Each structure stands twice: as structure tokens, then as C-alpha cells.
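[1] Here is my input; please provide its structure:
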Amino acid sequence: MQFVARMAEVKLSGDADVKDVTRLERIGAHSHIRGLGLDDALEARLQSQGMVGQLSARKAAGIVVQMIKEGKIAGRAVLLAGAPGTGKTAIAMGMAQALGEDVPFTMIAGSEIFSLEMSRTEALTQAFRRSIGVRIKEETEIIEGEVVEVVIDRPSTEPGRDQGGRTGRLTIKTTDMETEFDLGQKMIEALQKEKITAGDVITIDKANGKISKLGRSFSKSKDFDATSQATRFVQTPDGELQKRKEVVHTVSLHEIDVINSRQQGFLALFSGDVGEIKPEVREQIDSKVAEWREEGKAEIVPGVLFVDEVHMLDIECFSWLNRALESSLAPVVVMASNRGISKIRGTDYRSPHGIPIDLLDRLIIIATGAYEKKELQRIIQIRCEEEDVEMDDDAIGGLTALGMKTSLRYVLQLITTSALVAQKRKSPLVQVQDIKRVYQLFADLQRSTEFLKSHEKDFMFSEVTPGGGQDRDGDVAMD
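    The predicted model follows:
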């Protein structure tokens, strides 16, 4: 994660000095991803929504997304398998963007679940239940109309008179009827807080007395002295003043678990004091949600759980996943791994991607391949735009050639560093000489390995074999 600072000068009145106000924007490795870049027929475009290349993998991910939206897939698992730097996490981020905000999407790394605060299976359970949404429907009675008049009676200041709270009257109308309501102290304070005046269209929730201003009536649109440019004009409601409105709330099962298992209720979500939750609490919540579903008050929204670096899980976690995927309340699990045939953590057995064979048999595997030269060049251009770096064509071509020789991740790290070098020589444009300078300053993996081999005796605990060999897992051979 890096920061891009944009400076803006703010001049103060009087003799005050000019001050620089810095606005920081966080730019992540995948902040340029807007979706999967598919058309209506789920065909992958060459470049769209920040995605470049990986046409087959993106199309496969788009089919999975479409099935999730239609509710035809649940309790399934997808594996994104490919070498490092081939866009596995980018595809998962694109899936999250394509699903939208209504579908829960939880992202964790395989090493996150190893904690001293809770067991591994509890951490996975909480991640699962974060990825399952419950859309709760409830009907509330509201009063909706245009304010005709607000009259507030001031309490008497004469001695001996009643010194009670303020009272008043509120007159509201629709196109069909008009009614007057008596106001108490709390309703008067709510009206004054929202700055309600005659001509405003408002709603009042009868359950809690909450007042919401929808806008200004079109009948008052000619009152130019009383309105501003930001005023929103709406039609005067028709029909009855009192109406029944359906309100939909979407929460995750994990949030319901926390609220019902802690004394402070929903405040525990903000304090972070979650800890382990008893199975009995979850069973009661599941039965209650099932009851709401039968009554039509709620519906389940299966979301997506993305587990990056899934090979970091151990055999106990894989066994739990195998069973959890068979549950009726299971999200779609998307995994990513860059391992080949390697050991399953916690065992001496070797398996493709470091995942047990019985779990692999449940997975839909989407493979990602290496980027071509043109795709690599376009990704570099997109990242330059995202990081506000101006780079000439020769420099982009140099970075592309360097990326084909080293790795995509390495050259993307050189974009901002080369911009800083160009800034130091007071140039707004990054040129080839800036790329060469940062290439000399920052070593890539291959040059770093060669340096270690040539200066092996100068380092402590060096255990590389004389031939620089590697073991069967692809790791450097150890004694």
C-alpha cells in the first residue's frame, strides 16, 4: 500500500500565512480493478474495468458470478491456480466488484486464522458466517406528506402559570387529504433539528418518531429567495397520509452471532471484542433464521469467502472445510494458490497445490497463465494512470521488457520510485534514465539470488547446497 499526496494551497483572510493542506489517498495493488471486464454475453473483453488478459479465467469467473447472483450455486468451492503475478487476486477482486454491495464478500489470507485468541476452526467458522447475509424484511407505519404549517406554542413566563414543555401543531397534507397533529417536546426538537419548514416533504416513522426530509415541494419551486441551488424538489405525495412501508436490512450471520453472544450487543462489533462464540448460540440463531424464512420475514443471501494463499492452511482446516461445504448455510468459497505439487501442511504427504485430494475433487479449478508482452505493457500503463505518474513511451517499453525478464510485481514497484527520481531532477515526465537509475538501486529476485550465491561466505547460516540445488518442493535445499 502506498500513498499519493496532492498539495492544495489555502489562502486565509487577513494577515494569515498561506498554508499547505495535504490530502492523502490510499492506492492499493488492486485499486484499479472495477470488475471482471465482461460483456452481456459473459465474454471477456481484451481490456475493460482495469482487467487485462486472462480471458479464459475471467470468463470462467464471470459464469461463477452469474450463478451466485441467480442463487443457483452455494456450498461450492472454486480454486484459482497459477504462478505468482498472474492475476489471481485481481480476478477475486473483480468478482467482488461484479457481485455488488448486496452480496457479502469476505477476504482472508490462509495464515490469518493461526491466532492465539481463538482456534483455527473457530476463525474459519466466523469467516464463513461473515460471508452469509440475512436480508430481513419488516413493515413499518409512516406518515408522509407536505408540511403546510408548523406552529410552536411558547411556554408562559408569568409566575403561577404552568411551566411545562413546549407544545405545538403540525399540519401535513397530500394531494387527497390534510390532517393536523399535536406536537410534544421531543417532536418539536426533532423538527427543529431537521429544520423543517412549510413546503417541505417529510416522513415520520410512527414506531420511533424519526423525521426524514425528502425534499422541497414543487409548489414552492418559485420561492427563489427561500431556496438554494442544492435544494431537491419532489412531488407532493398522494393518497393516504398514513402508509405501510417495507424496510429491508441486510446483516451477516456473524453480526447476529456477536450481538446475541455479548452483553454489550452490537457495540461488540465496534470494540473488536468478539472471541469464540458458543455453538449453542449459533444453533439458536440458525433455528430463528429458519423460522423467519418460513414466515417470509427473511431470506438467505449466500456470499463469497475468498481465501488467498490457501496452501497455508493445515490438514485440520482442510478437513473442516470439507465438512462445512456440505452445510445448507455455506457460502461460495474461492481459493487461490501459487503452489505446485507440495506438502500438505501438518502432514508428510504431497499433493497438487498443497491441498488434499478429497478436497481438490470438490473444487472447480480456474487456471491463470503468464501475461503476454502487450498485456504486460497495458497493465503498466493502467498502473501509471492509477498512481498519477506520467511516463514516456520509451520508459514504458523499457519497463515492459524488464517485466518480461524479471516479474510483473517487480516492475510495478518501480513506477512510483522512478517518478520520485524524475521529480528530484525536476522533470514532470519519467524517462528511460529514471528507470535505469531505480533498476540499479533496487535489485530483483534473480540479481539478489546471484548476489547471495557469490557472497555466500559473508552471510550467517547459509545452507545452500554447493550446486545451488533445490528440493522437490521448489524451495532451496536445506541440511
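
[2] Tell me where the stretch 301-450 of the chain has helices.
    315-324, 357-360, 373-386, 393-405, 408-424, 432-441, 445-454 (DSSP state H, counting those that start in this stretch).

[3] Give the other helices and strands that the third one contacts.
    Contact analysis of helix 373-386 by 3 or more CB pairs under 8 Å, 6 or more residues apart in numbering; DSSP states H and E lists strand 51-52, helix 393-405, helix 408-424 as its packing neighbours. Quick note: C-beta positions are derived from backbone N, CA and C, even for glycine.

[4] Between helix 393-405 and that helix, find me the angle.
    120 degrees (axes from the mean of the first three to the mean of the last three CA atoms, to 10 degrees).

[5] tell me the average confidence for helix 373-386?
    Average pLDDT, helix 373-386: 87.

[6] Including mean pLDDT, could the helices and strands packed on helix 373-386 go into JSON lines?
    As requested, those are arranged in JSON lines below (pLDDT from 0 to 100):
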{"stretch": "strand 51-52", "mean pLDDT": "80"}
{"stretch": "helix 393-405", "mean pLDDT": "90"}
{"stretch": "helix 408-424", "mean pLDDT": "89"}
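
[7] Need the winner for burial among those.
    The highest mean neighbour count among these, using mean count of other CB atoms under 10 Å, belongs to strand 51-52: a mean of 26.

[8] ok, it: who's next to it in the sheet?
    As defined by DSSP bridges, the strand partners of strand 51-52 come to strand 47-48 (antiparallel).

[9] isn't there a strand covering V289?
    No - V289: not assigned to a strand; according to DSSP: H, G, I helix; E, B strand; the rest coil it is helix.

[10] my read: it touches V134, true?
    Yes - using CB atoms under 8 Å, V289 makes contact with V134 at a distance of 5.9 Å.

[11] Identify the contacts common to the two.
    By CB atoms under 8 Å, 6 or more residues apart in numbering, V289 and V134 have these common neighbours: L253, I256, A298, I300.

[12] Any idea how far apart the tips of stretch 124-140 sit?
    Length of stretch 124-140, first residue to last, CA to CA, to the nearest Å: 37 Å.

[13] That stretch - what's its average pLDDT?
    Here the average pLDDT along stretch 124-140 is 85.

[14] Tell me the buried residues in it?
    Residues of stretch 124-140 classed as buried: L124, T125, Q126, A127, F128, R129, R130, S131, I132, G133, V134, I136 (neighbour count, 16 or more other CB atoms under 10 Å).

[15] Point out where this protein drops to low pLDDT.
    1-31, 71-75, 116, 155-165, 221-230, 262-274, 462-479 (pLDDT under 70).

[16] so where's the longest strand in it?
    strand 132-153 (DSSP state E).

[17] Just the angle for the very next helix or strand once past that strand relative to strand 132-153, thanks.
    Later in the chain than strand 132-153, the nearest helix or strand by DSSP states H and E is strand 167-173. Angle of strand 167-173 versus strand 132-153, following the same axes, to 10 degrees, is 110 degrees.

[18] Show me what strand 167-173 is in contact with.
    So strand 167-173 is in contact with 143, 145-153, 178-185, 187-188, 191, 202, 236, 241, going by CB under 8 Å, 6+ apart.
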